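> generate a structure from the sequence data that follows.
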Amino acid sequence: MDKWHTNIWPPFTQITSSKPPQQITSAKGALLFRENGDPIIDAISSWWVTLHGHSNPYIAEAIYNQAKQLEQVIFADFTHLQAEKLAQRLSKATGLQKLFFSDNGSTAIEVALKLAFQWWYNKGEPRQQIIAFEGAYHGDTFGAMSVGERNLFNEPFEKMLFPVRRIPWPATWWDDQEVEKREQETITKLESLLETPTVALILEPLIQGAGGMTMVRPEFLEKIQKIIHQSKALLIADEVMVGFGRTGSLFASKRGKLSPDLIALSKGLTGGCLPMGVTMASQKIFNNFLDDDPRKTFWHGHSFTANPLGCAAANASLDLLEKNPNAFTNFELRHLPHLKKLSKHPKIKKIRLTGTIAAFDLQTNAQDGYLNAAGKAIKDYALKHNVFIRPLGNVIYLLPPLCITDTQLEHCYKIITRSIESA
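Numbers count the residues shown, from 1 in each chain. Okay, the predicted model is just below:
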């Protein structure tokens, strides 16, 4: 495709300064196929969703079989086996007893926020203060924008977003000598904010994704949780990106030794095959919505809540994760030798690695951040050499599907290295 489609408005794209998208005809494993040209390695899992690779036959068969039996039913009045099975499995895996279905990551966050606010309301202790981290991204609906970083993405809606108190995100990287100092500064500010009765703290466990693939230490999260629990505020974990093996454990909260009250999940939930979101809630949260008073009901829902096809895909994806946990628990070892080579490059700084996600910053003469033009140049170069990455400004990262071969991964690093040298 050498021109824009007349009727399509693409996401996160300024048409006037972007090239028309290439048309993909099919995909398999880590590869995207065009009508003309060599296959492209999908090195960021198609916006972090494609967990096991494209067109996975096991998930495809599960969706096909479910479609022949039950494709959709209203979930407010009926239930079905795929939803019940998925709820039971995710409850066991997360340690949270209740599952509320929605449509995507942003709506999963909206559900978590509404549950947290209403939980206090139902207790007869309405609270208003929400605490979030600087640099966070939680989605593009209004509640999710409110708890995310205020920037050019949500600037037109600033006056419509509810107020949020923020604390620094003490990101760290290889050979970071001052991480403990930054962590303590964050903890001190959090303790001060918690002097005001607080609804909840929301965070992305271990890794802030769209905020720049910035990473914190598990021991920092442990300290944060202890303080939150002492204050009686709730803890919301946004695992939309980091869930389902992305951080080297099935859930980032487990690796960070967190016990959240609420967890938002999406992206890899269905193996990236169908849109679906869920919010996991503790029994403590759920119990406070049980009452004859209709005002204590959680009045929220979506047309495709617990869609049977999505549930079938999610159960199939969990099957694959359970059958081969080494695919995600050992992925760091696959990134490591390549990152060690890159660590000697003079244009690279702040290398970090957690699970399947590797990232570093590119040293440029421009200001760091999403609008740094270096990322676009790197992306264009890589795509010309059949590797698809989508840098976050001058932050270069790899977040490949679990099925990527060692040869494909090595090629990604080789092309990225060349792109940096040519930049």
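
> return the residues in contact with Val147.
Contact analysis of Val147 by CB atoms under 8 Å, 6 or more residues apart in numbering lists 109, 113, 130, 132, 136, 138, 164, 202. (C-beta placed from N, C-alpha, C; glycine too.)

> and the first one, which helix or strand is it part of?
Ile109 belongs to helix 105-122 when assigned by DSSP states H and E.

> sorry, back to before: report the buried members of the contacts of Val147.
Buried members of those, counted by 16 or more other CB atoms under 10 Å: 109, 113, 130, 132, 136, 138, 164, 202.

> retrieve the pLDDT associated with the first one.
It stands for Ile109. Note on Ile109: pLDDT of 98.

> equivalent analysis for the fifth one, please.
With respect to pLDDT, Ala136 scores 98.

> now swap in the third one and tell me
pLDDT recorded at Ile130 is 98.

> so which helix or strand takes in it?
Judged by DSSP H and E, Ile130 forms part of strand 129-133.

> remind me what that strand packs against, helices and strands.
Packing partners of strand 129-133 (3 or more CB pairs under 8 Å, 6 or more residues apart in numbering; DSSP states H and E): helix 142-147, strand 165-167, helix 179-193, strand 198-203.

> correct me, but Ser253 touches Ala93?
No. Ser253 lies out of contact with Ala93 (CB atoms under 8 Å); the separation is 10.3 Å.

> neighbour-wise, which of these two wins?
More neighbours surround Ser253 than the other of Ser253 and Ala93, with 27 against 17 (other CB atoms under 10 Å).

> surely that one is within a helix?
Yes. Under DSSP: H, G, I helix; E, B strand; the rest coil, Ser253 sits within a helix.

> ok, it - contacts?
Contacts of Ser253 (CB under 8 Å, 6+ apart): 94, 205, 237, 239, 259-260, 263.

> can you tell me the element the residue lying farthest from the centre of the chain falls in?
Distance from the centre of the chain peaks at Asp292, with 36.7 Å (CA atoms, centre = their mean). Using DSSP H and E, Asp292 sits within no helix or strand.

> so what's it scoring on pLDDT?
Per-residue confidence (pLDDT) for Asp292: 96.

> any chance of the contacts of Val147 in JSON lines, plus distance to Lys284?
JSON lines is the format used below for the contacts of Val147 (distance: CB to CB, whole Å):
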{"residue": "Ile109", "distance to Lys284": "20"}
{"residue": "Leu113", "distance to Lys284": "17"}
{"residue": "Ile130", "distance to Lys284": "19"}
{"residue": "Ala132", "distance to Lys284": "22"}
{"residue": "Ala136", "distance to Lys284": "25"}
{"residue": "His138", "distance to Lys284": "23"}
{"residue": "Val164", "distance to Lys284": "24"}
{"residue": "Ile202", "distance to Lys284": "17"}
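
> now, which of the residues you listed sits nearest Met215?
Ala136 (13.5 Å; CB to CB).

> gap between the closest one and Asp361?
Ala136 sits 18 Å away from Asp361, going by CB to CB, to the nearest Å.

> same thing with Gly53?
Distance of Gly53 to Asp361, given as CB to CB: 28 Å.

> same check, this time on His80
Distance from His80 to Asp361, by CB to CB: 47 Å.

> so for the two, which sits in the more crowded spot?
Neighbour count, other CB under 10 Å: between His80 and Asp361, Asp361 has more, with 24 against 18.

> show me the contacts for Ser146.
Ser146 is in contact with 130, 161-162, 164, counting by CB under 8 Å, 6+ apart.

> C-alpha coordinates for stretch 169-178, CSV please?
Extracted in CSV, the C-alpha atoms of stretch 169-178 (Å, rounded to 0.1, in the frame of the first residue of the first chain):
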residue,chain,number,x,y,z
TRP,A,169,8.8,6.4,39.6
PRO,A,170,12.4,5.4,40.7
ALA,A,171,13.4,3.7,37.4
THR,A,172,16.7,1.9,37.4
TRP,A,173,19.1,0.3,34.9
TRP,A,174,22.3,-1.6,34.8
ASP,A,175,25.1,-0.1,36.9
ASP,A,176,22.7,2.4,38.5
GLN,A,177,24.4,3.7,41.7
GLU,A,178,21.7,5.9,43.0
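
> can you count the residues close to Gln129?
16.

> what residues are up against it?
Contacts of Gln129 (CB under 8 Å, 6+ apart): 165, 193, 196-199.

> among those residues, name the buried ones.
Looking at the contacts of Gln129 with 16+ other CB under 10 Å, the buried ones turn out to be 165, 193, 198-199.

> could you dump these into JSON lines with pLDDT and distance to Thr356 added?
As requested, the buried ones among the contacts of Gln129 are exported to JSON lines (pLDDT from 0 to 100; distance: CB to CB, whole Å):
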{"residue": "Arg165", "pLDDT": "98", "distance to Thr356": "32"}
{"residue": "Leu193", "pLDDT": "98", "distance to Thr356": "33"}
{"residue": "Thr198", "pLDDT": "98", "distance to Thr356": "33"}
{"residue": "Val199", "pLDDT": "98", "distance to Thr356": "32"}
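
> ok, of those residues, which one's closest to Thr186?
Among the buried ones among the contacts of Gln129, and counting by CB to CB, the member closest to Thr186 is Leu193, at 10.6 Å.
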